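Q: Here is the input, now give the coordinates:
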Amino acid sequence: MNGNQAVTYAADFRAGRQGVGANKTASSPRQPHAGEAPGRAIPRIARLMALAIRFEGLLREQTIRDYAELARLGRVTRARMTQIMKLLDLAPDIQEQILFLGPIRGLTERNLRPIVSRIEWDEQRRLFQEIKDRFHANASAVDPSVPQC
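A: Here you go, the predicted model:
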């Protein structure tokens, strides 16, 4: 066996339904992982954060050559892949919060772009807290049963 191995990953980042005539497969309900509350959806932003971390690992291991290859495999544009990977520019504690946050309606990758563009982690933390407070306040106004962040 030689040292070159091919690894193939299938990832689809498109939002919404599959197109008409697209291959559709029946899938069983996702089983919760250890420590995950059953019936609780994982927020999309947490999934994107986890993907960015995983993709960075694949790049470091040189399993994947570059962002362009990731984009081809994920069937997204290189620009979209860059947007996802920019989440890694967030302070490590913000990344961790995103991974373990409960659902905050309206918190998206797009909302985090102004924070990602900041170099200072303290400023990122302040802005992230403002966003969390704003979205939490909006959710609480609509649904008073929303728990505190």
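Q: Only C-alpha atoms from now on, for both contacts and neighbour counts.
A: Fine.
Q: so what does the helix or strand of the chain with the lowest mean pLDDT touch, helix or strand wise?
A: Ranked by mean pLDDT, DSSP states H and E, the weakest helix or strand in the chain is helix 121-142, scoring a mean of 85. Counting by 3 or more C-alpha pairs under 8 Å, 6 or more residues apart in numbering; DSSP states H and E, the packing neighbours recorded for helix 121-142 are helix 109-116.
Q: Quick check, pLDDT for R30.
A: On pLDDT, R30 comes in at 50.
Q: Could you find the closest non-adjacent residue to Q124?
A: Spatial nearest neighbour of Q124, chain neighbours left out: I115 (5.4 Å); criterion: C-alpha to C-alpha, 6 or more residues apart in numbering.
Q: now do the same end-to-end measure for stretch 55-64.
A: Start and end residues of stretch 55-64 are separated by 8 Å (C-alpha to C-alpha, to the nearest Å).
Q: If you count neighbours, what's buried in it?
A: By 16 or more other C-alpha atoms under 10 Å, the buried positions in stretch 55-64 come out as 55-56, 64.
Q: ditto for stretch 40-55
A: 42-46, 48-53, 55.
Q: so which of the residues you listed comes closest to M85?
A: Closest approach to M85 among the buried residues of stretch 40-55 (C-alpha to C-alpha): A52, at 5.1 Å.
Q: Return the residues in contact with the residue nearest to Q124.
A: By C-alpha atoms under 8 Å, 6 or more residues apart in numbering, I115 lies in contact with 90, 124, 127-128.
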